[in-house]
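Student: take a look and give me a structure for this.
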Amino acid sequence: MADIQLRFMKDMLVLSEPVMTSMERLGLNVERDGDLTLLLEPEVLEDAYKLDALVGAQCLVAPTATLTPARLAHTGMRERASELASAALRIVQAQSPQHILVELTPCGLPLDTASKASLNENADQYKRAALLFADESFDAFFLNRFTRIADLKCALIGMRKVSDAPIFASVDVDAQGLMPSGETLREAAAVMAEYGAQVAGFQTAAALDDACRIAADLAEATCLPMLAQLEVHPAAGGLIGDIDAAATMEELASTVAAAASAQGETALGDKAPYAQPEDMMDAACALRAAGVQFLRATGKATPSYTGALVAATDDLDVADTPARPAEPAPASPLPVEDLAAQLRAKVAAALN
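Tutor: From the prediction side, this is the model:
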């Protein structure tokens with residue numbers, strides 16, 4: 001795998017859609033049985049990733065979102081955390097992707113921002129999750145689906161205590177760029193930059209015009225590469241059928257459009273912003289123009305949505321955006337221990 005940092009602010013790259021969506025379509029209770037399926041029936045997940053590899057997704061997101069100790073305790077899999085981490089990466093590595101991202105979502109523990117013990121306990125969740133991958137081969141961590149800045153800050157601090165791997169960070173926002181906590185994307189972006197994230201991102205179900213405005217606002221707030229995730233709510237269907245791995249991107253685009261036309265009514269009606277895979281092609285072009293480098297279809301997205309993003313951006317570079325701040329400074333040469341000490345000092349100062 002190539003070093004993904006060498007591609008920052010250069011190539012347009014697409015992330016695979018949430019693989020557990022495919023598992024849900026097969027009738028799997030993901031929350032209860034997802035981890036067990038990863039261990040006992042890995043071929044089920046492999047089939048889903050094969051489709052993403054065939055449609056050309058450059059970045060495969062590993063099925064590791066729940067590997068914090070608190071999340072694993074709910075499914076009784078805490079003692080098998082290392083086994084789950086290795087199994088998840090083997091499944092993705094089998095597809096020989098350009099890049100692999102290790103996803104981690106909020107640990108779910110209560111967090112009292114006025115309590116040092118609570119902050120440390122939360123940060124420790126992500127530290128222990130990151131340690132599961134200390135000897136594994138992957139490109140970056142992916143902190144995703146965060147809805148409160150304090151939780152994201154703990155995650156970044158915990159991971160930076162033990163790892164200097166690149167970190168993608170993404171928060172959920174509405175059409176106004178507000179997180180569920182009421183905090184702004186700009187505030188989240190400042191925390192991402194200060195606490196060691198290399199990519200700043202957001203996820204939204206907002207219409208494309210709003211998503212582009214959010215991206216433009218983020219571009220003004222940070223010099224980091226940007227990730228945009230669009231939440232999809234399609235009808236049943238949406239999977240591409242037989243795909244020729246040697247097909248050109250034009251042929252792939254035609255296949256995607258055919259799959260889109262075969263879909264029925266959307267779950268949210270005709271006004272759903274990303275009701276069909278072909279909607280992703282317009283979205284990809286618009287978000288690229290706003291300065292976004294990394295794209296992903298989420299929610300109920302299928303590989304056809306991912307394929308549409310790839311078809312729209314293949315072989316393109318990030319668009320020039322004069323309004324963006326200056327290029328980011330080079331990564332800190334400090335050892336991880338020193339960086340972690342600096343971050344701990346920041347947290348202590350915030351508490352005093």
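Student: what about the helix or strand encompassing residue 22, distance to the chain center?
Tutor: Element membership for residue 22 (DSSP states H and E) is helix 19-25. Relative to its parent chain, helix 19-25 has a centroid offset of 16 Å by CA atoms, centre = their mean, to the nearest Å.
Student: counting neighbours, which bits of that helix end up buried?
Tutor: Across helix 19-25, burial judged by 16 or more other CB atoms under 10 Å covers 19-23. Any C-beta I mention is one placed from the backbone N, CA and C, and that applies to glycine too.
Student: same thing with stretch 5-14?
Tutor: Of the residues in stretch 5-14, 7-8, 11-14 count as buried by neighbour count, 16+ other CB under 10 Å.
Student: residue 214: which of the buried residues of helix 19-25 is nearest?
Tutor: Using CB to CB, the shortest approach to residue 214 within the buried residues of helix 19-25 belongs to residue 21, at 23.1 Å.
Student: tell me the pLDDT of residue 287.
Tutor: Note for residue 287: predicted pLDDT of 98.
Student: count of residues packed around it?
Tutor: Using other CB atoms under 10 Å, residue 287 is surrounded by 29 other residues.
Student: what do you get for the one 4 residues further on?
Tutor: For residue 291, the number of neighbouring residues by other CB under 10 Å comes to 23.
Student: repeat for the one 10 residues further on
Tutor: Burial of residue 301, expressed as a neighbour count using other CB under 10 Å, amounts to 27.
Student: where's it relative to residue 28, distance?
Tutor: 17 Å (CB to CB, to the nearest Å).
Student: got it, and residue 103?
Tutor: For residue 103, the distance to residue 28 equals 18 Å [CB to CB].
Student: this protein: helices as residue ranges?
Tutor: For the chain, helices defined by DSSP state H occupy the ranges 19-25, 30-40, 42-54, 69-75, 81-93, 116-131, 149-160, 185-194, 208-221, 249-261, 279-289, 303-313, 336-351.
Student: of all those, which lies closest to residue 138?
Tutor: helix 81-93 (6.3 Å).
Student: picking up where we left off before, need the winner for burial among the helices of the chain.
Tutor: Between those, helix 303-313 has the highest mean count of neighbours, a mean of 29, where neighbours are mean count of other CB atoms under 10 Å.
Student: what is the mean pLDDT for that one?
Tutor: For helix 303-313, the mean confidence score works out to 97.
Student: okay, residue 103 and residue 28: which has more neighbours?
Tutor: Ranked by neighbour count (other CB under 10 Å), residue 103 and residue 28 place residue 103 first, with 22 against 17.
Student: ok, that one - contacts?
Tutor: Residue 103 sits next to 61-65, 141-142, 144 when contact means CB atoms under 8 Å, 6 or more residues apart in numbering.
Student: report the beta-bridge partners for it.
Tutor: residue 142 (DSSP bridges).
Student: distance to residue 99 added to the helices of the chain, as JSON lines?
Tutor: As requested, the helices of the chain are exported to JSON lines (distance: least, CB to CB, whole Å):
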{"stretch": "helix 19-25", "distance to residue 99": "16"}
{"stretch": "helix 30-40", "distance to residue 99": "20"}
{"stretch": "helix 42-54", "distance to residue 99": "12"}
{"stretch": "helix 69-75", "distance to residue 99": "24"}
{"stretch": "helix 81-93", "distance to residue 99": "10"}
{"stretch": "helix 116-131", "distance to residue 99": "18"}
{"stretch": "helix 149-160", "distance to residue 99": "18"}
{"stretch": "helix 185-194", "distance to residue 99": "19"}
{"stretch": "helix 208-221", "distance to residue 99": "21"}
{"stretch": "helix 249-261", "distance to residue 99": "19"}
{"stretch": "helix 279-289", "distance to residue 99": "18"}
{"stretch": "helix 303-313", "distance to residue 99": "13"}
{"stretch": "helix 336-351", "distance to residue 99": "22"}
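Student: and the ones you listed, which one is worst for confidence?
Tutor: When the helices of the chain are compared by mean pLDDT, helix 249-261 comes last with a mean of 53.
Student: and residue 185, how close does it get to residue 291?
Tutor: Distance from residue 185 to residue 291, by CB to CB: 14 Å.
Student: now do residue 101
Tutor: Separation of residue 101 from residue 291 (CB to CB) stands at 20 Å.
Student: what's the closest of the buried residues of helix 19-25 to residue 71?
Tutor: Lowest distance from residue 71 to the buried residues of helix 19-25 (CB to CB) belongs to residue 20, with 13.2 Å.
Student: in contact with that closest one, which residues?
Tutor: Counting by CB under 8 Å, 6+ apart, residue 20 touches 30, 34, 63, 65.
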